[in-house]
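J.: model the structure of this input:
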Amino acid sequence: SNGWLVVTPQGWDFLDNLKTSETKSETAFVAMWFDPSVHTAWLEAIGPGIEGAGYEPIRIDKVEHNNRIDDEIVAAIRACRFLVADFTGQRGGVYYEAGLAHGLGKQVIWLCQEDDLAKVHFDTRQYNFIVWKPDELPELKARLRNRIEATLGKGSYRGKAK
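T.: Numbering: from 1, shown residues only. Sure, this is the predicted structure:
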């Protein structure tokens, strides 16, 4: 009545929630090289590790769409709960997608094959990478699942109906 506005506790909560882009999505965007040399890691460790933690892994090359691929990537990253980035192969797209997710305030889980770790760009070396070997994929699967659950908690995704 005197021209002053008052922010209620609920209003402060609302404003606080605007600071983060966290979503309750059950999806994890996976940024990785689509080369045959890492396909087994995807099939036996990365995809199953994410699903084991209760989240649906989304790889953009597996998504049917009729739009520009970069628009699909940005939309999927905005919609996901977190991003798993495997820097094996030093693909520019992986750096872009991890940076976009990081900039949006999303958690990024950092992976790299041991033989490629020395090539990782210096701007990302301070992050705690899960380093993996092609002949130790069960360990990668377990470590990825543990990292996801420790960082984000257990999800409720139970896999696609067959």
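J.: just the strands in the chain please.
T.: Using DSSP state E, the strands found in the chain span residues 27-31, 56-58, 82-86, 107-113, 130-132.
J.: would you convert these into JSON lines that also reports mean pLDDT?
T.: JSON lines is the format used below for the strands of the chain (pLDDT from 0 to 100):
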{"stretch": "strand 27-31", "mean pLDDT": "97"}
{"stretch": "strand 56-58", "mean pLDDT": "96"}
{"stretch": "strand 82-86", "mean pLDDT": "98"}
{"stretch": "strand 107-113", "mean pLDDT": "97"}
{"stretch": "strand 130-132", "mean pLDDT": "97"}
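J.: make a markdown table from those and add mean neighbour count and distance to I46 to it.
T.: Bear in mind the C-beta positions are built from the backbone N, C-alpha and C, glycine included. Shown next, in a markdown table, are these (neighbours: other Cβ atoms under 10 Å; distance: least, Cβ to Cβ, whole Å):
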| stretch | mean neighbour count | distance to I46 |
| --- | --- | --- |
| strand 27-31 | 25 | 6 |
| strand 56-58 | 19 | 7 |
| strand 82-86 | 26 | 7 |
| strand 107-113 | 22 | 7 |
| strand 130-132 | 19 | 9 |
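J.: quick one: closest of these to N67.
T.: Closest approach to N67 among the strands of the chain (Cβ to Cβ): strand 56-58, 15.1 Å.
J.: would you list the strands that the closest one pairs with, along with their directions?
T.: As defined by DSSP bridges, the strand partners of strand 56-58 come to strand 27-31 (parallel).
J.: contacting residues around the spatially closest residue to M32 that is not a sequence neighbour?
T.: Leaving aside its sequence neighbours, M32 sits nearest to D86 (Cβ to Cβ, 6 or more residues apart in numbering; 4.0 Å). D86 is in contact with V30, A31, M32, W33, V38, A41, I46, V94, L111, C112, Q113, counting by Cβ atoms under 8 Å, 6 or more residues apart in numbering.
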